[in-house]
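Student: coordinates only, sequence not included:
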C-alpha cells in the first residue's frame, strides 16, 4: 500500500514540473523595471509589472499583465494603464537592462579608451560620465531619465569609475600614474 502512495506522490510531483517551468519562465520574463511612453503625458515612465499576477495567469492561454508601480503614480494612479499594450508587444525591449546592454555593446570607455566588454550587472557595473566629468552609478539614476542621460553622458568602465570616484571622494590621497594621465584628454 505504501508503494502505491509513493508512486502516486512521485507522479504528482512530476506533473507539477511543467507548471513550475511555466511559472519560472513567466517570472523571469516580466520582472524588472521597464521604461515606456506614457499614453497620457507622452513622456517616459518607469513601470514595474505585477510579476506574481503574471505568473499566476501564465498557465492560461493569455497572460494578464498589470502595472504594480509607475513613476507617474500617485498623481496618475487611476489611469487606464494603456502602456500595457506597449509592454505586451515588446516586454524585453522595454526593460532598462536591455536598453543599457545595447547602449554599452561594442563601446569603449570615455576615460581609458578600453573596450567595456560584456556587462556583469551583479558585479563590476559600468557607469556614466557626466558632462562635468564626474562618474555616476546606475542605481543613482531614475529609470525614466535614462533616455535623456544616454544622449548627454558618456560610457565609463568599472575600473575608471572606481578610480574617478576615489579621486572625487579623496582628492589628496589618490595618485595617478603618469601614463594614465597622458591617456586622458
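Tutor: Thanks, I have the structure now. As the structure is a computational prediction, the values presented were derived from the model and not from experiment.
Student: Distance from the strand or helix carrying residue 35 to the middle of the chain?
Tutor: Assigned by DSSP states H and E, residue 35 belongs to strand 33-37. Its chain's C-alpha centre lies 10 Å from the corresponding centre of strand 33-37 when counted by C-alpha atoms, centre = their mean, to the nearest Å.
Student: Equivalent analysis for stretch 105-122, please.
Tutor: Remark: stretch 105-122 is offset 17 Å from the chain centroid, using C-alpha atoms, centre = their mean.
Student: buried set for it?
Tutor: 109, 110, 111, 112, 116, 117 (16 or more other C-beta atoms under 10 Å). Glycine gets a C-beta too; all of them are placed from N, C-alpha and C.
Student: what's the pLDDT at residue 185?
Tutor: The model reports residue 185 with a pLDDT of 48.
Student: whoops, residue 108 was the one
Tutor: Value for residue 108, per-residue pLDDT: 92.
Student: any idea how far the residue nearest to it when sequence neighbours are not counted is from residue 157?
Tutor: Nearest residue to residue 108, sequence neighbours excluded (C-beta to C-beta, 6 or more residues apart in numbering): residue 115, at 5.6 Å. Separation of residue 115 from residue 157 (C-beta to C-beta, to the nearest Å): 8 Å.
Student: now swap in residue 78 and tell me
Tutor: Distance, residue 78 to residue 157, by C-beta to C-beta: 44 Å.
Student: Looking only at neighbour counts, state which of the two leads.
Tutor: residue 157 (25 against 8; other C-beta atoms under 10 Å).
Student: In contact with the more buried one: list those residues for me.
Tutor: When contacts are counted by C-beta atoms under 8 Å, 6 or more residues apart in numbering, residue 157 touches 109, 111, 112, 114, 116, 126.
Student: Would you check that the fifth one makes contact with residue 110?
Tutor: No: distance between residue 116 and residue 110: 9.9 Å, which falls outside the contact criterion (C-beta atoms under 8 Å).
Student: now residue 121: how far from residue 104?
Tutor: Residue 121 is 11 Å from residue 104, by C-beta to C-beta.
Student: go on, residue 162?
Tutor: Taking C-beta to C-beta, one finds residue 162 at 17 Å from residue 104.
Student: Any regions of the protein where pLDDT drops low?
Tutor: Confidence mapping of the chain against pLDDT under 70 gives the ranges 1, 61, 173-185.
Student: and with 80 instead?
Tutor: By pLDDT under 80, the weakly predicted segments of the chain are 1, 16, 19-20, 22-30, 55-63, 75-78, 80-81, 87-92, 120-124, 167-185.
Student: Buried residues, the helix or strand hosting residue 102. List them.
Tutor: Element membership of residue 102 [criterion: DSSP H and E] is helix 96-104. Neighbour-count burial for helix 96-104, counted by 16+ other C-beta under 10 Å, picks out 96, 98, 99, 100, 103, 104.
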